[in-house]
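K.L.:
next one to model:
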Amino acid sequence: MDRRHVVCAVVVMLVVGIGIGIGIGFVVGRMKAENPESREADEGIRDRIMNEINSNNIRNNLKILTTKPHVAGTENDLSGAQFIQKTWLDQGLDTVKLLPYKVLLQHPPHPTSPDRNKVEIFNPGDPSSKPLFESASREDPFNEEELLQDGIPPPYLAYSATGEVQGDLVFVHYCRVKDLNYLTNTVGINLKDKILIARMSGIPRFNKVKNAEEYGAAGLILYPDPEDYSSWESYPNGTGLPSTAAPRGSILSELGDPLTPGYPSKDYAYRLNVSDAGLPKIIVHPIGYADAKELLSKMEGEQAPRTGTLDIEYRTGPGFKAPYKDHRVRIVINSNTSQHWTYNVMGYLNGEFEPDRYILIGNHRDAWGLGSVDPTSGTACLLELSRVFGKLKQEGWRPRRTIIFGSWGAEEFGLIGSVEYTEEFYMNLVERAVAYLNIDIAVAGSYVLRVSGSPHLANVALDSAKTVRDPSAAFDDKTTLYNTMNVRLTSPGNNSNKNSFREIPMVLGGSDYYGFVFGVGVPTISAFYSYNFYDHWRSFYPLYHTSYETFRLMDELIDPGFKTHQAVAQIFGEMLRRLGDEYILPIDVVAYADYIQRQFDDFKSLNISKEITNHGFSFDYLEGAITNFSIAASNFNDRLKHIDKERVLDVRKVNDQMALLDRAFLDREGLPRLNLQQRIQRHVLFAPTNEHPFPGLYTAMKIEDEELRWQSVDKQLSVLTFTIESAASTLLDVVSW
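P.N.:
Numbers count the residues shown, from 1 in each chain. Coordinates of the predicted model:
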């Protein structure tokens, strides 16, 4: 071949090569540009969700769900679970599972039974005489037939000891330690073998029971004093508390099935003996304030230093004044404690690109009666959300990540269903769960939306609140939930900038987020619409856990038209969409750093902080760890702003770093406990019953033995410092830590 032909061949080859290269580059570039896995969320879906959520549907849901009582462990518990299961399948969710658990529950005798639970005033010297007083067998039904259904339990407190006790009555205010100390040390009353009567509110029920046990009481009566409740007109004409209303509830100190702590209550599970399960050792019973007045008005002793607003003279006791001096109080509890089946229902809407990353939303199904507020206002909204997301799926849309809808069983007995779920599927959740949204009560009032949750999800909740119109007629169409929160969640006299409302309180331990946050380390948001806490702050809504949570209560008195329910469903729908579909998770790690810094500042302002430094300890290492976490969070955000979104695995990497951050704050050994009855806690920043900053350090300072106290402080300071340093390392680049 001559030189000319060679040159021509080379030129042709170069041209062809360049052409092929350009073609390949064009194809690769087009493939890269059109990679569906790197798609951003379709913002138009927000409007579809907002417009599709229907207040009439939510009303109809609530009407159906409140026709019968649905107490855990009863036939209606199963039929309710099956109803949810069928509804979710009909709505088009991909998979729906019914998960049974056999757990320890307690139910009272029928109110007409001769063995019913009761409180009596009787004369032990005249056994043949009738009791002078006997507590009401049930709350006044006010001629409403639905309140006479057999499935509505009479007032009782689950897991009380059973049997009969009698003794002199002592009024102990809220039954706090300081109340009992005052009566013992100042008034000089020996509380051993006494019957105590205390107001509800103030501290959790199980703390009252524990305190009464520790002071040797034989029994405890709890009643709702009107001072702790609103002055609203009472039911049936208003939402206030009638005189016979006695809130029910659990008095367990632990959460989950009492017989299988730490493990799911499956058939194969090892179970404790009931006697070893840490159940209350004394008899406890609730009564209405009309019955409490009958007891308290007959008491002798010193004038009580702290009183309520019953039209009586509050006396400490012990015992009764003339002519009742020979009389005593007797409590009879014949509740049945045994294992029953309860059920979780789980519905799955599979993610399009990241099906192994989960956004969970849940509501508990069981109630102490009809439960139109707690929890069925939330159930009604959850079913409307699942309908809307199911419809979008049937029309061809799917979220990026899997959305899991949960209907929990036996929450009222101690968060049992959700705790068992997090125990059974711990490994799945710890590796794959991104966030849990909790919609327990949806509507308890119509004043303002109250949000709590993990600090790095605050922006999700508050930004979502900006997209939902406030349902109140007092505002124009442009007023959002966020606008109202800015105004109404700022306490009177607070001159803070109401346009920079960016913080939400952390959840405590009172609902189904407990197992996710404190057991697995999954961040959470919980929200509900409430009344004005600043005017009525002493207790929760007045009819809480009474039989009066009827459909009529909600339909006529709390939320006529169900526009407030609609707004709650809309904000949860928007949060669900953002977490489930946005390409880069809307999680703010810098907000977490700011939260830790605030905790540190708050802790340093406490007296115990000065005690620690005066004992020779230094906060220098802890402060350095907090600074390092803040720097790591800031640098992480900077990298996030410059990430190449076409590199899908790089995006997945940073998403996982954000989603898993909360796991880094769980201590392997658990925080210190003051006694074996206290729950084991692992989160070094949050505690379900402790609002104080750095709960491990705070608890360590409460240890009575001085040597053990300072050993524990030394250890907890080290654990806290290490944990924050370790959490900071999880935000560094995954190949350069």
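
K.L.:
angles on the backbone of residue 234, please.
P.N.:
phi -80, psi 160 (degrees, to the nearest 10).

K.L.:
can you tell me which residues contact it?
P.N.:
For residue 234, the residues meeting the contact criterion (Cβ atoms under 8 Å, 6 or more residues apart in numbering) are 240, 241, 242, 243. C-beta here means a position set from N, CA and C on the backbone, and glycine is covered the same way.

K.L.:
tell me the pLDDT at the first one?
P.N.:
In other words, residue 240. With respect to pLDDT, residue 240 scores 94.

K.L.:
wait, it touches residue 539, no?
P.N.:
No. Look at residue 240 against residue 539 with Cβ atoms under 8 Å: they stay out of range, at 11.8 Å.

K.L.:
which neighbours do these two have in common?
P.N.:
Shared contacts of residue 240 and residue 539 (Cβ under 8 Å, 6+ apart): residue 229.

K.L.:
can you confirm residue 99 is in a helix?
P.N.:
No. Under DSSP: H, G, I helix; E, B strand; the rest coil, residue 99 falls outside any helix and is assigned strand.

K.L.:
which residues does it bridge with?
P.N.:
Beta-bridge pairing of residue 99 under DSSP bridges involves residue 344.

K.L.:
what about it, neighbour count?
P.N.:
Residues near residue 99, counting by other Cβ atoms under 10 Å, number 20.

K.L.:
how close does residue 376 get to residue 206?
P.N.:
Using Cβ to Cβ, to the nearest Å, one gets 25 Å for the distance from residue 376 to residue 206.

K.L.:
neighbour count winner among these two?
P.N.:
Taking other Cβ under 10 Å, residue 376 and residue 206 do not tie; residue 376 has more neighbours (29 against 22).

K.L.:
can you tell me the closest non-neighbouring residue to that one?
P.N.:
residue 65 (4.9 Å; Cβ to Cβ, 6 or more residues apart in numbering).

K.L.:
what's the average pLDDT for stretch 274-284?
P.N.:
pLDDT averaged over stretch 274-284 gives 96.

K.L.:
how long is that stretch from one end to the other?
P.N.:
18 Å (Cα to Cα, to the nearest Å).

K.L.:
also stretch 419-433?
P.N.:
15 Å.

K.L.:
how deep is the residue nearest to residue 376 tucked in, by neighbour count?
P.N.:
By the criterion of other Cβ under 10 Å, residue 65 has 24 neighbours.

K.L.:
quick revisit: looking at the contacts of residue 234, which are in strands?
P.N.:
The strands, defined by DSSP state E, take in nothing from the contacts of residue 234.

K.L.:
next, count neighbours for residue 163.
P.N.:
The tally of other residues near residue 163 (other Cβ under 10 Å) stands at 11.

K.L.:
that one against residue 284, yeah?
P.N.:
No. Checked against Cβ under 8 Å, the pair residue 163 and residue 284 is beyond contact range at 11.9 Å.

K.L.:
what sits in contact with each of the two?
P.N.:
With Cβ under 8 Å, 6+ apart as the test, residue 163 and residue 284 both reach residue 333.

K.L.:
contact partners of stretch 595-607?
P.N.:
Residues outside stretch 595-607 that contact it (Cβ under 8 Å, 6+ apart) are 455-456, 503, 609, 619, 622-623, 626, 629-630, 685, 692-694, 697-698, 724.

K.L.:
what's the ChimeraX syntax to select whichever of those residues are buried?
P.N.:
For the buried members of the contacts of stretch 595-607, the matching ChimeraX selection, counting by 16 or more other Cβ atoms under 10 Å, is:
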select :455,456,609,619,622,626,629,630,685,693,694,697,698,724
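
K.L.:
I'd like to know which of the contacts of stretch 595-607 are part of helices.
P.N.:
Mapping the contacts of stretch 595-607 onto helices (DSSP state H) picks out 609, 622, 623, 626, 629, 630, 697, 698, 724.

K.L.:
which residues touch residue 115?
P.N.:
When contacts are counted by Cβ under 8 Å, 6+ apart, residue 115 touches 109, 332, 334.

K.L.:
now swap in residue 345 and tell me
P.N.:
If you count contacts by Cβ under 8 Å, 6+ apart, then residue 345 has 81, 84, 85, 88, 96, 97, 98, 99, 365, 406, 407 around it.

K.L.:
by neighbours, which of those wins?
P.N.:
Neighbour counts for those (other Cβ under 10 Å) peak at residue 365, which has 31 neighbours.

K.L.:
from residue 456, how far out is that one?
P.N.:
As judged by Cβ to Cβ, residue 365 and residue 456 stand 29 Å apart.

K.L.:
helix or strand: which one has residue 87?
P.N.:
helix 75-91 (DSSP states H and E).

K.L.:
contacts for that helix?
P.N.:
With contact meaning Cβ under 8 Å, 6+ apart, helix 75-91 is reached by 65, 68-71, 96, 98, 151, 341-345, 347, 365-366, 379, 383, 386-387, 390-391, 405, 407, 409-410.

K.L.:
how far does it sit from the chain's center?
P.N.:
Its chain's C-alpha centre and that of helix 75-91 lie 23 Å apart, by Cα atoms, centre = their mean, to the nearest Å.

K.L.:
show me what counts as buried in that helix.
P.N.:
Quick answer for helix 75-91 (16+ other Cβ under 10 Å): 76, 77, 78, 80, 81, 83, 84, 85, 87, 88, 91.

K.L.:
ok, the third one to residue 341 distance?
P.N.:
Translated: residue 78. For residue 78, the distance to residue 341 equals 7 Å [Cβ to Cβ].

K.L.:
what does the first one give?
P.N.:
Between residue 76 and residue 341 the distance is 12 Å, computed by Cβ to Cβ.

K.L.:
enumerate the beta-bridge partners assigned to residue 404.
P.N.:
With DSSP bridges as the rule, residue 404 is bridged to residue 348, residue 360.

K.L.:
nearest spatial neighbour of the residue nearest the centre of the chain, skipping sequence neighbours?
P.N.:
For the chain, the residue nearest the mean C-alpha position is residue 511 (2.4 Å; Cα atoms, centre = their mean). Closest residue in space to residue 511, ignoring its immediate chain neighbours: residue 440 at 4.5 Å, by Cβ to Cβ, 6+ apart.

K.L.:
contacting residues for the one you found?
P.N.:
So residue 440 contacts 363, 364, 374, 375, 378, 411, 511, 512, 526, 528 (Cβ under 8 Å, 6+ apart).

K.L.:
do the same with residue 611
P.N.:
residue 701.

K.L.:
how much space separates the residue nearest to residue 511 from residue 424?
P.N.:
21 Å.

K.L.:
residue 312 too?
P.N.:
Residue 312 sits 51 Å away from residue 424 when distances are taken as Cβ to Cβ.

K.L.:
among the buried residues of helix 75-91, which one sits closest to residue 141?
P.N.:
residue 76 (18.8 Å; Cβ to Cβ).

K.L.:
so after the lowest-mean-pLDDT helix or strand in the chain, what's the next helix or strand?
P.N.:
Least confident element among the helices and strands of the chain, by mean pLDDT, DSSP states H and E: helix 3-33 (a mean of 46). Helices and strands here follow DSSP H and E; after helix 3-33, the next one along the chain is helix 44-52.

K.L.:
which of the residues in that next one are buried?
P.N.:
45, 46, 48, 49, 50, 52.

K.L.:
for the closest residue to residue 190 other than its chain neighbours, what are phi and psi?
P.N.:
Excluding the flanking residues, the one nearest residue 190 by Cβ to Cβ, 6+ apart is residue 184, at 7.3 Å. The phi/psi pair for residue 184 (degrees, to the nearest 10) reads phi -80, psi -50.

K.L.:
surely residue 184 and residue 194 touch.
P.N.:
No. Using Cβ under 8 Å, residue 184 makes no contact with residue 194, being 10.8 Å away.

K.L.:
please say which of the two ends up with more neighbours.
P.N.:
residue 194 (26 against 14).

K.L.:
surely that one and residue 168 touch.
P.N.:
Yes. Counting by Cβ under 8 Å, residue 194 touches residue 168, with 5.6 Å between them.

K.L.:
list residues touching both of the two?
P.N.:
Among the neighbours of residue 194, those also in contact with residue 168 (Cβ under 8 Å, 6+ apart) are 317, 318.
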